[in-house]
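A.B. asks: Predicted model and sequence follow; I will ask about them next.
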Amino acid sequence: MEKIYNYIEGGQAQLCDSLKELVKIPTVNPPGTNYAEIVQLLQERCEALGMSTKVVPVPQAEAQAVVPHADDYPRMNLIARWDVGAEKTVHFNAHYDVVPVSGKWRCEPFKPEIVGDWLYGRGADDMKDSIAALLFAITALQENGVQPAFNIECSLTCDEEIGGELGAGYVARNGLVQADYVVNCEGGSVLNVGLGHNGVLWLEVNVHGKAAHAANPDKGLNAFEKAAALVTGIQPLKQGLKASDRVFKTFSGDDRYPTLNIGGIFHGTEGDKVNTVPAQTTFSIDRRVLPNERLAAAEAELRGAIQAVCQSDAEMKVDVASTLRIDPCVVEPEHHFPQAFARAVRSIRRQPIKFSTTSGFTDLHFFVEEGGLPGVGYGPNGQGAHGVNERVSISDLVKTTKVYATFMANEIS
């Protein structure tokens with residue numbers, strides 16, 4: 001392994017250049033730009049490593065059912081495989097889409113720069129760094145004549161930033177994963193090996209009123225005021241999420257509670273102005289679902305609370321639609337697969353590792369909860385994901401590449 005480690009350390013500039021090339025392609029989602037360009041680049045890189053590849057476009061009708069603008073922004077995924085004739089196969093997944101840019105950056109977000117130990121750019125941390133590390137780990141093994149202990153299968157997928165249904169979800173549900181285990185290349189880093197994540201429920205709540213001139217407000221029905229009453233009415237449910245019987249004990253022994261965020265998005269209609277009674281008000285609800293909860297039960301409870309408020313006010317007319325539903329995900333740490341991955345992390349980090357679950361969500365659930373595969377989440381350490389000045393630590397990018405290479409070279413037992 002020392003030869004492999006020396007190769008990775010000596011190839012730091014090459015690794016960074018590889019990541020820079022990926023960051024330069026603005027695969028911004030929404031709406032989903034430049035997917036074909038990055039898939040072509042990734043296919044070329046994988047084929048240069050001798051991997052068999054398959055570009056998997058999502059049928060337009062199926063894509064449009066999830067993303068109405070998919071006719072202008074086609075969805076596609078890449079499957080690559082290095083088959084060494086081993087008995088077992090490990091699937092590595094990473095997404096290539098990134099969130100939109102806002103705020104004032106120290107550099108152009110899609111013209112990556114290196115400052116000290118940091119490589120800046122949109123996607124440098126979430127999560128094109130993982131793609132670069134994964135492919136360079138494979139390169140390091142091949143260049144040093146080391147065959148992995150298992151077949152390596154990769155999916156480089158779209159749309160994680162909007163739920164993953166057409167990315168990892170499409171891959172997992174259409175028989176494109178031929179593996180025994182999965183590594184989702186985010187959801188853990190440094191000394192934390194990810195064993196799952198919270199689920200999420202997003203609701204869009206439309207409150208209906210009746211338009212009128214502000215000079216005669218009694219002739220209308222103020223949708224904004226009704227929305228305010230509805231938000232107030234579900235506060236007891238929000239406060240009750242902190243009850244002791246709701247707690248989830250993380251693997252590190254910390255207490256985690258469900259959360260409810262109201263009004264991340266809120267708006268009226270284009271016809272609203274200062275002297276009108278608003279006819280409609282819309283707001284969002286984000287409910288995070290713990291691994292010890294059921295998504296369906298959490299949704300029923302929340303919808304029940306909304307319905308109870310509506311029943312107490314005959315004038316309150318509300319439509320509720322779910323816009324995202326993701327199951328929570330958890331893998332038991334005693335399983336031999338996470339234990340094997342933890343050994344690889346320890347061998348590079350030289351410190352005790354911890355198992356963790358992230359309060360956000362990743363694509364891991366598609367493979368674990370729906371595909372039935374034992375899995376872990378792990379990638380490079382960065383800062384500013386989804387924010388200004390997103391960046392990855394170059395030294396940690398190198399260490400994570402070593403972790404991947406070490407894991408690939410050792411038996412799972």
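C.D. replies: That came through, no problem. As the structure is a computational prediction, the values presented were derived from the model and not from experiment.
A.B. asks: Same question for residue 299, what's its three-state structure.
C.D. replies: Using DSSP: H, G, I helix; E, B strand; the rest coil as the criterion, the local structure at residue 299 reads helix.
A.B. asks: out of everything not next to it in sequence, what's closest to it?
C.D. replies: Distances taken as Cβ to Cβ, 6 or more residues apart in numbering place residue 201 nearest to residue 299, at 5.4 Å, with adjacent residues excluded. From N, CA and C alone the C-beta is placed, and that goes for glycine too.
A.B. asks: check contacts around the one you found.
C.D. replies: Taking Cβ atoms under 8 Å, 6 or more residues apart in numbering as the contact definition, residue 201 lies against 285-287, 289, 295, 298-299, 302, 322, 324-326.
A.B. asks: Now go through these and say which are in helices.
C.D. replies: Assigned to helices by DSSP state H, the following of the contacts of residue 201 qualify: 295, 298-299, 302.
A.B. asks: Listing partners with orientation, what would you give for whatever helix or strand the residue nearest to residue 299 lives in?
C.D. replies: Secondary structure assigned from DSSP states H and E places residue 201 in strand 199-208. Strand 199-208 has these partner strands in its sheet, going by DSSP bridges: strand 280-289 (antiparallel), strand 317-326 (antiparallel).
A.B. asks: For the following helix or strand past that strand, name the packing helices and strands.
C.D. replies: Downstream of strand 199-208, the first helix or strand assigned by DSSP H and E is strand 212-213. Of the remaining helices and strands, those touching strand 212-213 by 3 or more Cβ pairs under 8 Å, 6 or more residues apart in numbering; DSSP states H and E are strand 276-277.
A.B. asks: which residues touch the strand it packs on?
C.D. replies: Contacts made with strand 276-277 from outside it, assessed by Cβ under 8 Å, 6+ apart, are listed as 209-214, 217, 219-222.
A.B. asks: Can you say which of these are buried?
C.D. replies: In those, burial by neighbour count holds for 209, 211-212, 220-222, counting by 16 or more other Cβ atoms under 10 Å.
A.B. asks: if we can go back for a sec, looking at the ones in helices among the contacts of residue 201, spot the one nearest residue 193.
C.D. replies: Closest approach to residue 193 among these (Cβ to Cβ): residue 295, at 24.3 Å.
A.B. asks: Verify the stated contact: the closest one with residue 327.
C.D. replies: Yes: with contact defined as Cβ atoms under 8 Å, residue 295 counts as touching residue 327 (5.2 Å).
A.B. asks: Which one's more surrounded, those two?
C.D. replies: In this comparison of residue 295 against residue 327, neighbours counted by other Cβ atoms under 10 Å, the higher total goes to residue 327 at 21 against 17.
A.B. asks: I figured the more buried one was touching residue 200, is that so?
C.D. replies: No: the pair residue 327 and residue 200 does not pass the contact test of Cβ under 8 Å, sitting 9.1 Å apart.
A.B. asks: Look up the residues that both of the two are in contact with.
C.D. replies: residue 289.
A.B. asks: mind checking the backbone torsions on the most centrally placed residue in the chain?
C.D. replies: Central residue of the chain (Cα atoms, centre = their mean): residue 362, 3.5 Å from the mean position. Backbone torsions for residue 362, taken as degrees, to the nearest 10, come to phi -130, psi -170.
A.B. asks: what's the answer for residue 66, then?
C.D. replies: Summarising the backbone geometry of residue 66 under the convention degrees, to the nearest 10, its torsions are phi -100, psi -40.
A.B. asks: Can you tell me the SS state at residue 395?
C.D. replies: Classification of residue 395 using three-state DSSP returns helix.
A.B. asks: Identify the residues contacting it.
C.D. replies: Remark: with contacts taken as Cβ under 8 Å, 6+ apart, residue 395 is in contact with residue 117.
A.B. asks: Equivalent analysis for residue 135, please.
C.D. replies: Residues in contact with residue 135, defined by Cβ under 8 Å, 6+ apart, are 18, 45-46, 49.
A.B. asks: change it to 7 Å
C.D. replies: Remark: with contacts taken as Cβ atoms under 7 Å, 6 or more residues apart in numbering, residue 135 is in contact with residue 45.
A.B. asks: is it true that it lies in a strand?
C.D. replies: No: when classified by three-state DSSP, residue 135 is found to be helix rather than part of a strand.
A.B. asks: Can you tell me how far it is from residue 11?
C.D. replies: When Cβ to Cβ, to the nearest Å is applied, the distance between residue 135 and residue 11 equals 12 Å.
A.B. asks: before we move on, what about residue 302?
C.D. replies: With distances defined as Cβ to Cβ, the gap from residue 302 to residue 11 amounts to 50 Å.
A.B. asks: Next: residue 276.
C.D. replies: 63 Å.
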